[in-house]
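Colleague: got a predicted structure here, sequence first:
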Amino acid sequence: MLHVSFARGQITGLRRTVTEHAAGEGLAGGRLEDFVLAVNEVATNAVVHGGGHGRLRLWTRDGRLWCEVADDGPGLPPGWMGDTRPPRGYGFRGRGLWLTRMVCEHLMIVSGPRGTTVTFASAKP
């Protein structure tokens, strides 16, 4: 199990730590790359939209590597639906949760005025 807090300016180090831990848990190749990409996107959302910092937890259960990223921000905007369709336009913003949904399993998002928690998993080989 891995528990770590992170803040703006620490995402690169967080990616390295997650990569090492996930590889140690058996993820490799594209599955490892997709998992680390999802962690990067969700952690970046936490620092950009969730108050500048967050908490990450990794654990293994039922043949999957799970990740939970939590922040203390204002929550997702009213009416946010978590659509499975790709975001409109060609901008680089607004794709993190969509991308996480595409490359990982069991995405769950809990959000309210005291923060957002995003939990997702990748099957281990």
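Modeller: Happy to help now that I have it.

Colleague: show me what the helix of greatest length in the chain is packed against.
Modeller: Ordering each helix of the chain by length in residues (DSSP state H) puts helix 29-49 first. Counting contacts by 3 or more Cβ pairs under 8 Å, 6 or more residues apart in numbering; DSSP states H and E, helix 29-49 packs against strand 2-7, helix 11-24, strand 53-61, strand 64-70, helix 96-103, strand 115-123. Backbone N, C-alpha and C define where each C-beta goes, glycine included.

Colleague: pull the number of nearby residues for Phe70.
Modeller: In this structure residue 70 is Ala, not Phe. 19 (other Cβ atoms under 10 Å).

Colleague: no wait, Arg61
Modeller: Neighbour number of Arg61 under other Cβ under 10 Å is 8.

Colleague: mind showing which ranges of this protein have poor pLDDT?
Modeller: 79-94 (pLDDT under 70).

Colleague: thinking again about what came up before, TSV for the helices and strands packed on helix 29-49, including distance to Arg31?
Modeller: Shown next, in TSV, are the helices and strands packed on helix 29-49 (distance: least, Cβ to Cβ, whole Å):
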stretch	distance to Arg31
strand 2-7	18
helix 11-24	9
strand 53-61	14
strand 64-70	9
helix 96-103	9
strand 115-123	6
